[in-house]
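1. Quick one: sequence and predicted model below, then my questions.
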Amino acid sequence: MNTTLTHAETAGTGDLRERLVLEATTILEAQGLEALTLRAVAGAAGVSHMAPYRHFTDKDSLLAAVAERGFRALSADMGAAATGESETAARLRAFGLTYLDFARRRPALYRLMFGPTLAGKPQFAGLAQAGGEAFAHCAQAVATLKRERGAAPGADTQALAIATWSLVHGLAMLLIDGRLPLPDDARAQDALIGEVLALHGKALG
């Protein structure tokens, strides 16, 4: 067996791990989940086929790292979208539109983040934390909106946040699967989706 290490493999371990995650994300989004193997990622990164095992015990652990990075990217997008919104209702709508835009732009990554491949695998603590942080954007906005609208202290904001998340996730899946009867014009599509989100926002009052 050839045990000679390339320059990439002898560089900082954190750098190589991040490079492997980035290459895996590229393969996932360009070729699909079936094409994403540890050997393919190693080849794309220019390292030996055994190098990924220094950072990931198996394919699922690599996929978890890709999904975790996806959740952190989604959180960053949602946070940036809401920066310019002073009203909570507008901020919640911005969260929803940004969430849906992420799913439409990156459907393969989105499916991995929420699909069955990694579901029910509690060993990936970083993935669970990143997913929780993305959900927190929604939960905090819902809680603030309820307070502003004079909701009783006992109002179940957790249930409302889950309902809101379920709405945007359902919309995301319908959109990326092409199951919604949308107008052809992109602006008209965005306007219609915005109306759906606005209706839900009104229902929270």
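-> Cool, the structure landed.

2. Need the three-state assignment for the spatially most central residue of the chain.
-> Nearest to the mean C-alpha position of the chain, by C-alpha atoms, centre = their mean, lies residue 71 at 3.7 Å. The three-state assignment at residue 71 reads helix, by DSSP: H, G, I helix; E, B strand; the rest coil.

3. Would you list the phi and psi of the residue nearest to it when sequence neighbours are not counted?
-> Closest residue in space to residue 71, ignoring its immediate chain neighbours: residue 130 at 3.7 Å, by C-beta to C-beta, 6 or more residues apart in numbering. The way it works is simple: take the backbone N, C-alpha and C, and place the C-beta from them, glycine included. Residue 130 adopts backbone torsions of phi -60, psi -40, taken as degrees, to the nearest 10.

4. again with residue 31
-> Residue 31 adopts backbone torsions of phi -120, psi -10, taken as degrees, to the nearest 10.

5. got a list of what it touches?
-> Neighbour list for residue 31: empty [criterion: C-beta atoms under 8 Å, 6 or more residues apart in numbering].

6. And for residue 164?
-> Neighbours of residue 164 in contact, by C-beta under 8 Å, 6+ apart: 92, 96, 138, 142, 200, 204.

7. Please report how far it lies from residue 189.
-> 21 Å (C-beta to C-beta, to the nearest Å).
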